[in-house]
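Q: predicted model and sequence below, questions to follow.
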Amino acid sequence: MFWRKSKTGLPGPESLPNPVGREIVVEFGGNPDEIWYLKAVRRPKEGEKDIFEVRVFSAAQAASKNVVVKDYNSLSEHPELILYEGWFNKTGAAKMEKGH
């Protein structure tokens with residue numbers, strides 16, 4: 001499977017990374033059946049190796065507002081669509097906060 005990248009070179013929306021989904025379920029009591037339908041966009045964290053900043057959103061909610069989420073930066077213009085944001089790394093750690 002290949003990543004779709006935007007003009008900025010950032011990956012497009014994808015399924016939630018496992019550490020992010022686990023963090024949301026454990027820390028915020030999210031319904032696992034609903035959480036895994038959400039989408040994530042990410043970008044490398046500046047100055048850090050193997051750490052990614054991530055934003056979680058509902059593709060259905062974005063579509064209902066006619067917003068096309070192409071990458072992490074797309075959500076900067078629509079902060080109301082960010083349900084959770086934070087970071088995760090390749091070793092499985094994550095720290096998330098509720099969105100706006």
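A: Good, I have the coordinates. Residues are numbered from 1 along each chain as shown.

Q: what's in contact with the one helix or strand in the chain whose mean pLDDT sits lowest?
A: Lowest on mean pLDDT, DSSP states H and E among the helices and strands of the chain sits helix 32-35, with a mean of 89. Residues from elsewhere that reach helix 32-35 (Cβ atoms under 8 Å, 6 or more residues apart in numbering): 16, 21, 24-25. Any C-beta I mention is one placed from the backbone N, CA and C, and that applies to glycine too.

Q: gap between it and the chain center?
A: Helix 32-35 has its C-alpha centroid displaced from the chain centroid by 15 Å (Cα atoms, centre = their mean, to the nearest Å).

Q: now that helix - C-alpha only, CSV.
A: The C-alpha trace of helix 32-35 is given here as CSV (Å, rounded to 0.1, in the frame of the first residue of the first chain):
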residue,chain,number,x,y,z
PRO,A,32,-13.4,1.3,20.5
ASP,A,33,-16.0,0.5,17.9
GLU,A,34,-16.3,4.2,17.0
ILE,A,35,-12.7,5.2,17.5
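
Q: which parts of the next helix or strand after it are buried?
A: Going down the chain from helix 32-35, the next helix or strand is strand 39-44, by DSSP states H and E. Neighbour-count burial for strand 39-44 flags 39-43 (criterion: 16 or more other Cβ atoms under 10 Å).

Q: list of residues touching strand 39-44?
A: The contact list for strand 39-44, computed with Cβ under 8 Å, 6+ apart, reads 10-17, 20, 51-59, 69, 71-75, 88.

Q: any regions of this protein where pLDDT drops low?
A: Scanning the chain for pLDDT under 70 picks out 1-8.

Q: if you set the cut-off to 50 instead, what comes out?
A: Applying pLDDT under 50 to the chain flags residues 1-3.
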